[in-house]
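>>> Fold the following and give me the result.
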Amino acid sequence: MKHYVTSLPQLNLIPALPKNPRNYPIILIGTGAIATLGHLPTYKIAGFFLYNTINEVCTTSTNENIIFDLAVPSNQIQSILKQLPRNSHALIQKLMGENLIDAQSIVNVCKQRHIYGSINFQLRYAPYILALKDAIRLGWLGQRLTTIEIHVNVHMP
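Down below sits the predicted model:
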């Protein structure tokens, strides 16, 4: 078995990053534990410029590339989206509303304000998920995979 494992090609473990992350500054709205212990340190390690306050963002001459990272409870997302500049970028870290009606309302606000919205699907770029995607693509887990169960224990420095 050891020979088989070592002879396998390497799986992808690293997500693609922008060539110049400083071109995509981030303002984090929300200060829960995952934001302060997870998002902020990760953004710094990846080299993104981080605004400290919303006032800094407002005094910036252009908001074109600013990413508004919304790490707030899902019932606050719509009201925040309505206050963001038109044509801005929003990364929604929580659920997309409490139900389907809320989710559709969030989509509608983004369309009306021309906001490029994105939802963070937990673990999408975690190294083991990237490796799992490769293993599925390569057929290592069979031809028809229907369920994968993952238990996560997170250590944040």
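>>> three-state assignment of residue 77?
The three-state label given to residue 77 by DSSP: H, G, I helix; E, B strand; the rest coil is helix.
>>> Spit out the contact partners of it.
Neighbouring residues of residue 77 by Cβ atoms under 8 Å, 6 or more residues apart in numbering: 70, 92, 94, 96-97, 106. Heads up, the C-betas are built off the backbone N, CA and C, glycines and all.
>>> Likewise for residue 133?
So residue 133 contacts residue 12 (Cβ under 8 Å, 6+ apart).
>>> And the furthest pair within the contacts of residue 77?
When Cβ to Cβ is used, the two most widely separated members of those are 70 and 97, lying 12.3 Å apart.
>>> Can you name the residues that contact the spatially most central residue of the chain?
The structure's the chain has its C-alpha centroid closest to residue 120; by Cα atoms, centre = their mean the separation is 3.8 Å. Residues counted as contacts of residue 120 (Cβ under 8 Å, 6+ apart) are 91-93.
>>> Apply 10 Å and report the result again.
Residues near residue 120 by Cβ atoms under 10 Å, 6 or more residues apart in numbering: 39, 69-71, 91-94.
>>> which one of those sits closest to residue 141?
residue 93 (29.4 Å).
>>> I'd guessed residue 130 sits against residue 14; true?
Yes - with contact defined as Cβ atoms under 10 Å, residue 130 counts as touching residue 14 (7.3 Å).
>>> For this structure, give me the ranges with low pLDDT.
1-9, 61-63, 156-157 (pLDDT under 70).
>>> redo that, cut-off 90
The model of the chain has pLDDT under 90 over residues 1-19, 21-24, 30-42, 45-46, 52-66, 73-74, 85-88, 93-99, 119-157.
>>> now the end-to-end length of stretch 125-143.
This stretch, stretch 125-143, spans 23 Å end to end (Cα to Cα, to the nearest Å).
>>> now stretch 49-56
For stretch 49-56, the first-to-last residue distance is 12 Å (Cα to Cα).
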